[in-house]
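Peer 1: Sharing a sequence plus its predicted fold:
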Amino acid sequence: MSQQACARCLSSPPAFARCFAPLRYEGLLAGLFQRYKDQHQRRAGRLLRQLMQRELAHFCREWRQAHPHGAVLLVPADAYRRRQRGHDALAELCRGLGPAIAGHQRDMARVRGRRMPHEASVAVDRAAPDQRLRDRRGRLKAQRGRYDIDGLLPEHVLLIDDVMTSGATLDSLAQACLRAGAREVDACVLARTPLALRGAL
């Protein structure tokens, strides 16, 4: 796993400081995501949930230890995606991360999709078109200004998603976090699309 920034990130840095991505989105793993999200196969979802726990739990625990007062946010799905799939796919996949990201009740409230009093909540301003039909520039444009956060966030925030391709979604949400008071935003995902494939997705 490379620790160096790619040329695109060097020329146009994203709003998040770093992203932990242990796996590559290709082959069998990409097939699992497609069967879970597009074909609604529960067995594929169970396998992905186990992978999320195995690959991300240690990183999340270390991040919480380093930032005990930080906030953990799952990238929220818009209402159209939830209706289309019948559930919040990312929230389901992250259920096994509960003990690793709990720390404070407010973080679990975000994971479960509830809003606690005096806590920041994330709103999705509009549904996004299918990102698979767009190149990187189109993805960035489609996600720009898409998220709004009601309330104040602590200095450190960790964003969690399942897959990162161009980074547009995480970048847009990270910008919203910075507007809401965060000073540094990190991210972690289960998998990242290999550079050679990003232009084709």
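Peer 2: Happy to help now that I have it.
Peer 1: from here on, contacts and neighbour counts on C-alpha atoms
Peer 2: Noted.
Peer 1: Okay, now the unreliable bits of this structure?
Peer 2: 1-11, 79-82, 85, 103-145, 196-201 (pLDDT under 70).
Peer 1: would Gln34 count as being in a helix?
Peer 2: Yes. Gln34 sits within a helix when classified using DSSP: H, G, I helix; E, B strand; the rest coil.
Peer 1: Pull out the buried positions in stretch 30-44.
Peer 2: 32-33, 35-37, 40, 44 (16 or more other Cα atoms under 10 Å).
Peer 1: from those, which two are the most distant?
Peer 2: Leu32 and His40 (10.4 Å; Cα to Cα).
Peer 1: re the thing from before, rebuild the buried residues of stretch 30-44 as JSON lines, extending it with distance to Ser166.
Peer 2: Listed next are those as JSON lines, based on distance: Cα to Cα, whole Å:
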{"residue": "Leu32", "distance to Ser166": "20"}
{"residue": "Phe33", "distance to Ser166": "17"}
{"residue": "Arg35", "distance to Ser166": "22"}
{"residue": "Tyr36", "distance to Ser166": "21"}
{"residue": "Lys37", "distance to Ser166": "19"}
{"residue": "His40", "distance to Ser166": "25"}
{"residue": "Ala44", "distance to Ser166": "24"}
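Peer 1: ok, of those residues, which one's closest to Phe16?
Peer 2: Nearest to Phe16 among the buried residues of stretch 30-44, with distances taken as Cα to Cα, is Phe33, at 24.4 Å.
Peer 1: you'd agree that closest one is up against Ala44?
Peer 2: Yes. Using Cα atoms under 8 Å, Phe33 is in contact with Ala44, at 7.3 Å.
Peer 1: which is the next helix or strand following the helix of greatest length in the chain?
Peer 2: Secondary structure of the chain per DSSP state H: the longest helix is helix 42-66. The helix or strand immediately downstream of helix 42-66 is strand 71-74, counting by DSSP states H and E.
Peer 1: Show me what counts as buried in stretch 67-78.
Peer 2: 70-77.
Peer 1: Likewise for stretch 149-162?
Peer 2: For stretch 149-162, by 16+ other Cα under 10 Å, it's 149, 152-162.
Peer 1: Quick check: the farthest pair among the residues you listed?
Peer 2: So, the buried residues of stretch 149-162 by Cα to Cα: farthest apart are Leu152 and Asp162, at 25.0 Å.
Peer 1: Could you tell me the end-to-end distance of stretch 167-187?
Peer 2: Counting by Cα to Cα, to the nearest Å, you get 10 Å between the two ends of stretch 167-187.
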